[in-house]
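Q: No sequence on hand, only this structure:
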Ligand code: UN1
């Protein structure tokens, strides 16, 4: 546990104001009507009050976003739309440190992870710029003479983005940069826990729009609680709702959007595992597991939560992991400090979820090998710093099958590779997965159709830290959506199939004859 004093809340508030000003926010939206607050998990205290939206103001915002879509943005050539994300990427480079500072203040991420998150935004800007010239449709051979058969991709309209606290800027940017070059306008409802990072991003995007002459209303921000999110979910003008968060949230949102025939893109919970086989490089497996399990204080969707290890190597691997966790113990605390590797949990409810999961694990026969204790309680009674925990489980019990958004790594053992894959897939979630092995056949079996059932399947790296170039998302309770790279852009567009007759005759398809 670290002894360095935590920063004062007042100092953090001042740093946040400065970072926001540098991003171009002229003034904070001070509360007149509905009031919310910005807060920091570093001390667990409030920074300052902020104006919140209401369901009525959300309706107005969606209206302007829709007008902008219909009047200009959908007909702006895609490569010209690309110029908006190009400029945004330049501003992000310039203000990387400012946004990272806001991420640290609001989420408690250590500096390198906060910078890494902003880097993901820069990367997606570059990706989206290239994409703006590559929104390809296919041309298919027509079965009729004198005909051409092809498809074109068009923007959808208003895209609603609901984002989670843990990646407050990167996940929004994957959605927004791609949605914008595809010709949509975007309304963003960030997590109630991270309004400041959202204000910073919005201010930079507004500047980018002004600089390239794009309409200011291509992107709008609404702040507030679940009620505000609900207004977005229920608004028929929101053609696509992209939501990141818990499976419970997804279960509430999806049927509402489906009932109005809207589209949903869901990125929900994960319960990610790594299988470690007897041939694995155990040093690599241990290092990969420790970052994936304890990094970001266990608060990534892709966090490693289960380690499924062959019984012949389990003791050796566990020893290395526990050893590394012992070193982590000295490096928990103020995320501003360079030595810190584990910052705070976001809020009290994350800590109580961790406590009750550990109790349940013990009741189900688990043994805590390391960690689990709360730290720095005296220094900051409202902040929740914890020692990442490793728990050896006799089997995959109920607690292991659920996602607890905190740094708990459950260790399970297996005998046959089939058993490992069965255990791996026997959870409700399906986001990210990994196998550590030097045996090519085992790696291939894990990657095959009957292997891992997740959206992300890795070999010899951990479950977290995906690059933006691939499609990001997962199956089962994870919601099925894909965001970011590859052809995920198609979710933000509608496809039209076009048949063009240039032959002067009217041959019917399938050889049908009529008049
Ligand atoms: C998330 O936790 O919601 O793969 C996103 C990763 C990051 C993104 C995580 N690139 O861990």
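A: Great, that's in hand. Remember, it's a predicted structure, so these values are computed and weren't measured experimentally. Numbers count the residues shown, from 1 in each chain.
Q: secondary structure class for residue 335?
A: coil (DSSP: H, G, I helix; E, B strand; the rest coil).
Q: before we move on, which element is the residue of the stretch 1-150 of the chain found nearest the ligand in?
A: In the stretch 1-150 of the chain, the residue that lies nearest the ligand is residue 120 (5.9 Å; C-beta to the nearest ligand atom). From N, CA and C alone the C-beta is placed, and that goes for glycine too. Residue 120 is part of helix 111-131, with elements assigned from DSSP states H and E.
Q: what sits up against that helix?
A: Residues from elsewhere that reach helix 111-131, judged by C-beta atoms under 8 Å, 6 or more residues apart in numbering: 82, 85-86, 88-89, 92-93, 96-97, 99-101, 103-104, 107, 109, 167, 169-170, 173-174, 177-178, 180-181, 201, 295-296, 335-336, 338, 467-469, 484-485, 489.
Q: near the ligand, from these?
A: The overlap between the contacts of helix 111-131 and the neighbours of the ligand (C-beta under 6 Å from any ligand atom) comes to residue 167.
Q: Would you list the buried entries among the contacts of helix 111-131?
A: 82, 85-86, 88-89, 92, 96, 99-101, 103-104, 107, 109, 167, 169-170, 173-174, 177-178, 180-181, 201, 295-296, 335-336, 468, 484-485, 489 (16 or more other C-beta atoms under 10 Å).
Q: Which of the residues you listed fall in helices?
A: Judged by DSSP state H, the buried ones among the contacts of helix 111-131 include 82, 85-86, 88-89, 92, 96, 99-101, 103-104, 107, 170, 173-174, 177-178, 180-181, 201 as members of helices.
Q: who in the stretch 101-250 of the chain is up against the ligand?
A: For the stretch 101-250 of the chain, the contact set with the ligand under C-beta under 6 Å from any ligand atom comprises 120, 166, 167, 171, 244.
Q: which residues touch the residue of the stretch 301-450 of the chain found nearest the ligand?
A: Closest contact between the stretch 301-450 of the chain and the ligand, by C-beta to the nearest ligand atom, is at residue 301 (3.4 Å). Counting by C-beta under 8 Å, 6+ apart, residue 301 makes contact with 164, 166, 167, 244, 267, 268, 269, 270, 431, 432, 478.
Q: Mark which of the residues you listed are buried, thanks.
A: By 16+ other C-beta under 10 Å, those give 164, 166, 167, 244, 267, 268, 269, 270, 431, 432, 478 as buried.
Q: what's the closest of these to the ligand?
A: Distance to the ligand across the buried ones among the contacts of residue 301 (C-beta to the nearest ligand atom) is lowest for residue 167, with 4.4 Å.
Q: wait, what's in contact with the residue nearest to the spatial centre of the chain?
A: With distances taken as C-alpha atoms, centre = their mean, the residue of the chain nearest its centroid is residue 171 (4.4 Å). By C-beta under 8 Å, 6+ apart, the contact set of residue 171 is 163, 164, 244, 267, 483.
Q: So the residue of the stretch 301-450 of the chain closest to the ligand belongs to a strand, correct?
A: No: the assignment for residue 301 (three-state DSSP) gives coil, which keeps it out of a strand.
Q: Please shift the residue numbers so they start at 44 in all later answers.
A: Renumbered: residue one is now 44, and that last one reads residue 344.
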